[in-house]
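1. Predicted model follows, preceded by the sequence.
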Protein chains: 2
Amino acid sequence: MNSPQQKNWQSVHDEVLRRIHTREWKPGDQIPKEVELAEQLGCARATVNRALRELASEGFLDRRRKAGTRVAAHPVRRAKLDIPVIRLEIEGRGQKYAYGLLFSERRTPPPEICANLCVTADSDMLHITSLHLADGKPFMFEDRWVSVAATPAILEADLDEISANEWLVLHAPYTRGDIYFSAVNATEAEARILRTDPGTSLFLMERTTWENETGITSARLLFAPGYRKHSAI
Amino acid sequence: MNSPQQKNWQSVHDEVLRRIHTREWKPGDQIPKEVELAEQLGCARATVNRALRELASEGFLDRRRKAGTRVAAHPVRRAKLDIPVIRLEIEGRGQKYAYGLLFSERRTPPPEICANLCVTADSDMLHITSLHLADGKPFMFEDRWVSVAATPAILEADLDEISANEWLVLHAPYTRGDIYFSAVNATEAEARILRTDPGTSLFLMERTTWENETGITSARLLFAPGYRKHSAI
DNA sequence: AAAGATAATATGTGCGTACATATTATTTCT
DNA sequence: AGAAATAATATGTACGCACATATTATCTTT
């Protein structure tokens, strides 16, 4: 009972996914080779290839040359996480965005920043702290170090008008970055800035970005109580 | 000064990315059409198409039929987040995994679970709480509701031996899911289970998964202090 | 001039072929 | 028997062509 002609890769994708979901093909099972599937489904190998490639990148299949394709034994699901500019995230919630520069100083970095960005202790850096507000209420506190050597133009940026977050996105593209999510108790100072109580649990995002092997910036983004980061899978 | 022959889509991908990074093509700019790029780079349109499609899915480009391709104005970077089975996450850190079922009861769900999964208040559900340990220390506390109607086989699972987390991954594939990350202060009970102090800031992951329109399971995963979730971009 | 029909166009995708590449299986050699 | 060379094979990808589709631009019609 061959399935009716599946002429596009989407339908092949869905059909294969259906067989995985119905456990016709179980985790660890080897599935038919591309040419067989193509014949079975009445389409070209290229079409099957496209569908299977997509499914592999989604984590449903493991593929290896010569060894063939099998259903992923331990489906490591890959959630997609959008990392927008803070302004857009707030405006996307239908709230009014505001921003205030708290502090900006050109100086040498503390040890933990050196370690993060792999820079020397005498590097020329810009240290910026700022507060992002949603509907007038503190939303996120940003504590950022930017390498002046890697991004000299940052010195000309008017950081009272545009946040370092947004300026960097527009002017300093990066090739890779790390993000860490965690939870911390608010310190006295942090609580004061975010207008909450010391000890309150806060969502923390730590980001470091790189242009090839050059560290660009390292930021500590501390969100006001109640913040939830969503992701779909 | 055309670039030397770029015969594979990876090199086209990298070359386009280079032009974006060097701001030869700036955010918002329209880039040459596929046929032009193909000619310029000395390869087939299909090859360019593959590269640009990839770049669009990575968030660097916006593409629309007839309108052409342009550099994304607000590069919403998409971080990829791996959601493995807890056991593999712990073993991946080189730690010894252990697991204990705390509690298991078949009953009707409380209102918040009904809302999450879109089920009625008289649904047949399984409520499971368990503790995952790394090197003998509490690592994550799992509080999960599973729909018996959607996954009757769960009743036969030996949840003392295999965690609901892992059983579900292997036996109840889902079509979509939501994940929320946040930070909460430990309650008395949670602090006792995770062997920490009440009020300690804890990283919380709330997951709900669906098979088509049927809610499968909703889980609240509370991590021990110090946990950081990593993601690359 | 506004509305609706029509043409033009860039991307989206399918197909068949050819060859590349990684990996496994087999054979040959010592 | 064990190691090394060789063959076989499934996926990976490049190419050229054709046509589909969405969207914009243009031309009619009223």
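-> That came in fine, so what should we check first?

2. what ranges of chain A fall below the confidence cut-off?
-> Residue ranges of chain A with pLDDT under 70: A:1-6.

3. Could you list the residues of it in contact with DNA strand D?
-> Counting by C-beta under 7 Å from any atom of the strand, the residues of chain A close to DNA strand D are A:33-35, A:45-46, A:49, A:52-53, A:56, A:63-69. C-betas here are computed from N, CA, C, even on glycine.

4. Give me the contacts around the one helix or strand residue A:16 maps to.
-> In this structure, residue A:16 is located in helix A:9-21 according to DSSP states H and E. Contacts with helix A:9-21, where a contact means C-beta atoms under 8 Å, 6 or more residues apart in numbering or on different chains, come from A:3, A:6, A:25, A:31, A:37, A:41, A:43, A:47-48, A:50-52, A:54-55, A:60-61, A:71, B:173, B:175, B:211.

5. In PyMOL, how would I select just the buried ones from those?
-> To isolate in PyMOL the members of these that are buried, counting by 16 or more other C-beta atoms under 10 Å in any protein chain shown, one can use:
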select buried, (chain A and resi 6+25+31+37+41+43+47+48+50+51+52+54+55+60+61+71) or (chain B and resi 173+211)
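
6. Please list which of the contacts of helix A:9-21 are also close to DNA strand C.
-> Within those, those near DNA strand C by C-beta under 7 Å from any atom of the strand are A:43, A:47, A:50.

7. residue contacts, the closest residue to DNA strand C within chain A?
-> Closest contact between chain A and DNA strand C, by C-beta to the nearest atom of the strand, is at residue A:8 (2.6 Å). Taking C-beta under 8 Å, 6+ apart, we find residue A:8 in contact with A:43, A:47.

8. likewise residue A:145?
-> Taking C-beta under 8 Å, 6+ apart as the test, what residue A:145 contacts is A:109, A:113, A:117, A:125-128, A:217-219.

9. repeat for residue A:30
-> Counting by C-beta under 8 Å, 6+ apart, residue A:30 touches A:68-70.

10. Residue A:102: how many residues sit nearby?
-> 12 (other C-beta atoms under 10 Å in any protein chain shown).

11. Need the contact partners of whichever strand or helix holds it.
-> Residue A:102 belongs to strand A:97-107 when assigned by DSSP H and E. Contacts made with strand A:97-107 from outside it, assessed by C-beta under 8 Å, 6+ apart, are listed as A:86-87, A:90-91, A:124-134, A:136, A:148, A:155, A:159-160, A:163, A:193.

12. what's downstream of it, the next helix or strand?
-> helix A:111-117.

13. I'd assumed residue A:221 was in a helix, is it?
-> No. When DSSP: H, G, I helix; E, B strand; the rest coil is applied, residue A:221 is found to be strand, with no helix at that position.

14. For ChimeraX, write the select line for the buried members of the residues of chain A next to DNA strand D.
-> ChimeraX command restricting the residues of chain A next to DNA strand D to the buried ones, with burial defined by 16+ other C-beta under 10 Å:
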select /A:34,49,52,63,69
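
15. between the residues of chain A next to DNA strand D, which is closest to residue A:231?
-> Proximity to residue A:231 was ranked across the residues of chain A next to DNA strand D by C-beta to C-beta; first place goes to residue A:56, at 20.8 Å.

16. before we move on, what SS does the residue lying closest to that closest one once chain neighbours are set aside have?
-> Leaving aside its sequence neighbours, residue A:56 sits nearest to residue A:63 (C-beta to C-beta, 6 or more residues apart in numbering or on different chains; 4.9 Å). Under three-state DSSP, the three-state class of residue A:63 is strand.
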